[in-house]
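In: A predicted structure for the sequence below; I have some questions about it.
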Amino acid sequence: MNVILTTTEIEEIVIKAVQKALQAAQHEFVDSGWLSLKEGAKYAGVSYNTLLKYRQYGLQVCEIEGIKRISRKEIDRFFQEHSF
């Protein structure tokens, strides 16, 4: 059985496949526990500026080529260490 597709139909199939792959990759990254600093601040329940201030008190942030990420585990560790 031969199937003939138009260019538009092929483009739609490719676009849907790419969108699906991007969504899967995004979920995998978010589920890995690594957050942007803005997301990290939201997770911690503080402002972005407060999160940056916490770095002075030992909160560790991963930075590779100017891209900063923070792990949920690190935020949890930091708050646990500074709890009394």
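Out: Nice, thanks for sending it over.
In: chain center to the top helix by length along the chain, what's the gap?
Out: Determined from DSSP state H, the single longest helix within the chain is helix 7-31. With Cα atoms, centre = their mean, to the nearest Å as the basis, helix 7-31 stands 17 Å off its chain's centre.
In: equivalent analysis for stretch 67-80, please.
Out: 13 Å.
In: buried sites along that stretch?
Out: The neighbour-count check on stretch 67-80 (16 or more other Cβ atoms under 10 Å) flags 69-71, 74-75, 78 as buried. Every residue, glycine included, has its C-beta placed from N, CA and C.
In: now those in CSV, with distance to Lys38 and pLDDT?
Out: As requested, those are exported to CSV (distance: Cβ to Cβ, whole Å; pLDDT from 0 to 100):
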residue, distance to Lys38, pLDDT
Arg69, 11, 96
Ile70, 10, 96
Ser71, 15, 95
Glu74, 15, 96
Ile75, 13, 96
Phe78, 17, 97
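In: among those, which are in strands?
Out: If you go by DSSP state E, the buried residues of stretch 67-80 have 69-71 in strands.
In: for the protein, which spans come out with low pLDDT?
Out: Scanning the chain for pLDDT under 70 picks out the ranges 25-32.
In: so who does Trp34 touch?
Out: By Cβ atoms under 8 Å, 6 or more residues apart in numbering, the contact set of Trp34 is 62, 69-71.
In: which of those residues sits closest to Thr50?
Out: Nearest to Thr50 among the contacts of Trp34 is Ile70, at 13.1 Å by Cβ to Cβ.
In: what sits against that closest one?
Out: So Ile70 contacts 34-37, 40, 51, 59-62 (Cβ under 8 Å, 6+ apart).
In: since that was my last question, I'll sign off now.
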